[in-house]
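A.B. asks: let's see this in three dimensions:
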Amino acid sequence: MQEMLLFSTSTYAYFEKGLFATGGFERGEIERKSFPDGERYLRIVTETWGRDVVLLGGTPTDLDWLEVYDLGCAIARSGARSLSVVMPYFGYATMERAVRRGEVVTAKNRARLISSIPTCEGGTRTFLFDLHTDGIEFYFDDAHVTHHVYGAPVVTAAIRSRMADRPYVLGATDAGRAKWVESLARELGVDPAFVYKRRDTVTGAISLSGVNADVRGREVVIYDDMIRTGGSLEQAARAYVSAGAAAVHAIASHLVLPGGALERLQASGLFQSILGTDSHPGSQQLASTPGAIHSIAPLFARVLRAGNSR
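C.D. replies: Numbering: from 1, shown residues only. Okay, the predicted model is just below:
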């Protein structure tokens with residue numbers, strides 16, 4: 001079977017190394033340059049006619065969204081047999097619904113953008129990873145088959161590696177993530193825990209009112225789907241420490257960590273370790289920390305090969 005042809009957006013060059021390490025991919029070449037007025041020039045150099053093509057590109061910024069769209073259109077129009085768009089991180093995932101009148105549901109609009117990439121004769125598929133809300137995959141047009149790849153195997157393996165044989169509790173940042181944490185806890189064979197939050201009806205401020213499980217003298221591993229500024233995570237950690245936790249660790253599917261967030265979390269003194277996957281370029285801030293980053297590239301390689309063999 002011919003190798004899949006792999007192209008990558010600029011931001012995800014760090015991630016493609018993991019895919020190539022699994023074998024079965026041929027590197028596709030892209031010519032890039034910028035004009036003096038800031039406009040970009042992109043050219044697909046490697047011939048794609050009749051090939052099964054993989055376009056790797058998460059979307060942490062608006063420019064990343066446009067690069068995925070531009071490259072996807074060019075690949076499809078140049079005669080690729082099939083196109084698989086791999087998005088380790090789906091930007092605007094928390095803007096999946098309107099709460100106030102007039103709010104833009106950006107996640108749906110971005111899904112529509114990718115859905116407008118021309119379909120290939122052998123199919124066009126989009127692979128998504130640990131979405132903030134499962135329903136986002138159904139925002140895509142039916143002509144683009146979506147696959148929601150769950151990171152539970154990688155997350156649980158990372159936790160087992162970090163905690164070894166030490167007893168611990170798997171915690172959530174709040175009751176809203178409790179169901180997913182309960183599922184992971186069952187897989188790990190440990191107790192789940194979450195913190196209760198209370199919103200002030202006058203000011204709207206959120207405070208923590210307690211922990212649902214006995215964590216006294218036990219280590220707590222807090223799971224969240226993403227760590228951005230880390231405010232909710234830090235609040236939860238303080239709640240677990242106040243409830244008697246011996247130590248607190250944090251793990252996330254998406255380590256976004258913008259603008260000094262990692263430094264603030266580390267400086268808080270609350271966390272014995274912070275770990276997660278390499279789905280977002282922000283994760284590379286922890287690349288030099290042994291055991292902190294766990295690659296999801298092999299996970300994507302398996303599902304890509306499974307789909308390509310049909």
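A.B. asks: just the terminal-to-terminal distance for stretch 172-180.
C.D. replies: Using CA to CA, to the nearest Å, the end-to-end distance of stretch 172-180 comes out at 9 Å.
A.B. asks: pLDDT of it, averaged?
C.D. replies: Mean pLDDT, computed over stretch 172-180, is 81.
A.B. asks: ditto for stretch 158-165
C.D. replies: The pLDDT scores in stretch 158-165 average 96.
A.B. asks: buried residues in that stretch?
C.D. replies: 158-159, 162-163 (16 or more other CB atoms under 10 Å). Placement of C-beta: from N, CA and C, glycine included.
A.B. asks: just flag the most distant two among these.
C.D. replies: In these, two members sit farther apart than any others by CB to CB. They are 158 and 163, at 9.6 Å.
A.B. asks: which residues of this protein score low on pLDDT?
C.D. replies: By pLDDT under 70, the low-scoring segments of the chain are 1, 197-209, 308-310.
A.B. asks: go again with 80.
C.D. replies: When residues are selected by pLDDT under 80, those of the chain lie in 1, 174-177, 196-210, 307-310.
A.B. asks: how does it divide into domains?
C.D. replies: Taking automatic domain parsing as the domain assignment, the record places the domains of the chain at 4-149+297-308, 152-277.
A.B. asks: which stretch among those comes nearest residue 288?
C.D. replies: Proximity of the domains of the chain to residue 288 was assessed by CB to CB; the nearest stretch is domain 152-277, lying at 12.1 Å.
A.B. asks: thinking again about what came up before, in JSON lines, list the buried residues of stretch 158-165 along with distance to residue 236 and secondary structure.
C.D. replies: Below are those laid out as JSON lines (distance: CB to CB, whole Å; DSSP: H, G, I helix; E, B strand; the rest coil):
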{"residue": "158", "distance to residue 236": "19", "secondary structure": "helix"}
{"residue": "159", "distance to residue 236": "16", "secondary structure": "helix"}
{"residue": "162", "distance to residue 236": "18", "secondary structure": "helix"}
{"residue": "163", "distance to residue 236": "18", "secondary structure": "helix"}
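A.B. asks: and which of these is nearest residue 249?
C.D. replies: Distances from the buried residues of stretch 158-165 to residue 249 were compared by CB to CB; the smallest belongs to residue 162, at 6.5 Å.
A.B. asks: pretty sure that closest one is touching residue 271, no?
C.D. replies: No. Applying CB atoms under 8 Å, one finds residue 162 not in contact with residue 271, separated by 11.9 Å.
A.B. asks: ok, what's across the strand from the residue lying closest to residue 166 once chain neighbours are set aside?
C.D. replies: Taking CB to CB, 6 or more residues apart in numbering as the measure, residue 166 lies nearest to residue 219, with 6.2 Å between them; neighbours along the chain are not counted. Here residue 219 sits in beta bridges with residue 168, residue 247, going by DSSP bridges.
A.B. asks: chain center to stretch 153-171, what's the gap?
C.D. replies: When C-alpha coordinates are averaged (CA atoms, centre = their mean, to the nearest Å), stretch 153-171 and its chain have centres 19 Å apart.
A.B. asks: number of nearby residues for residue 59?
C.D. replies: Residue 59 sits with 25 neighbouring residues when counted by other CB atoms under 10 Å.
A.B. asks: for it, what are its contacts?
C.D. replies: Residue 59 makes contacts with 65, 68, 87, 89-92, 110, as judged by CB atoms under 8 Å, 6 or more residues apart in numbering.
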